[in-house]
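Q: Sequence and predicted structure, then a few things I'm wondering about:
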Amino acid sequence: MYQYLEFLFFLTEGPCLIHSMNGDLLRTLEGPETLEGPENCLRPKLIQASREGQCVIYYENGLFCVFSVNGRLQATMKTDDKIKAIQLSRDGQYLLTGGDNGVVMVWQMWDLKKLFAYPGCDAGIRSMALSYDQRCILTGMASGSIVVFYNDFNRWHHEYQTRY
């Protein structure tokens, strides 16, 4: 019988800490200090975890890091946009990001490869959610408006499977 594990993630001024629901420290997720210098990965801002235990962290300096369930660093990516919202697909294969430039980006989770960029909006993105069926991306904009984008994860899954 498959049993779901429940974790608590804590964002601190240092590494991200993963605790069990009982409060036991399980993992410490350290950013790649050798890539950018130790001062650049000290301020995690956003975090999302998949059902499989993969974790993506966005740091204040514009760096994304993907960690495995065991705390191993799998991928990194630097972005120029100030990201304000991130969302994972239900299966954990895709990462959606939105920030000050008003563009929703779709990334492949395991290697942070850019798959698609939706047309830009006239205001920055401040929040993001996926509809239950994952066909709509709802974004809250800095202007106060709500913009809905049609989404089809199957398209990217099919294109990736046929190209490689």
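A: Perfect, I can see it now. Numbering: from 1, shown residues only.

Q: so what's residue 131 up against?
A: Going by CB atoms under 8 Å, 6 or more residues apart in numbering, residue 131 touches 137, 138. C-betas here are computed from N, CA, C, even on glycine.

Q: Hmm, residue 89 is touching residue 130, no?
A: Yes - Residue 89 sits in contact with residue 130 when judged by CB atoms under 8 Å, with a separation of 7.1 Å.

Q: any residues in contact with both of these two?
A: residue 96.

Q: so for stretch 93-101, what's the average pLDDT?
A: Averaged over stretch 93-101, pLDDT sits at 94.

Q: quick one: low-confidence ranges for this structure?
A: 1-14, 33-42, 156-164 (pLDDT under 70).

Q: what ranges do the strands span in it?
A: Per DSSP state E, the chain carries strands over the ranges 7-10, 16-20, 25-29, 44-49, 55-59, 63-67, 73-78, 83-88, 94-99, 105-108, 113-117, 125-130, 136-141, 146-150.

Q: Mean neighbour count for those strands - can I get that in a markdown table?
A: Compiled in a markdown table, the strands of the chain are given as follows (neighbours: other CB atoms under 10 Å):
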| stretch | mean neighbour count |
| --- | --- |
| strand 7-10 | 14 |
| strand 16-20 | 17 |
| strand 25-29 | 15 |
| strand 44-49 | 17 |
| strand 55-59 | 23 |
| strand 63-67 | 21 |
| strand 73-78 | 16 |
| strand 83-88 | 20 |
| strand 94-99 | 24 |
| strand 105-108 | 20 |
| strand 113-117 | 13 |
| strand 125-130 | 17 |
| strand 136-141 | 18 |
| strand 146-150 | 13 |
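
Q: Can you spell out the domain ranges of the protein, please?
A: As recorded under the TED database, the domains making up the chain are 1-78, 84-111+119-163.

Q: Work out the gap between the shortest one and the centre of the chain.
A: So that's domain 84-111+119-163. 10 Å (CA atoms, centre = their mean, to the nearest Å).
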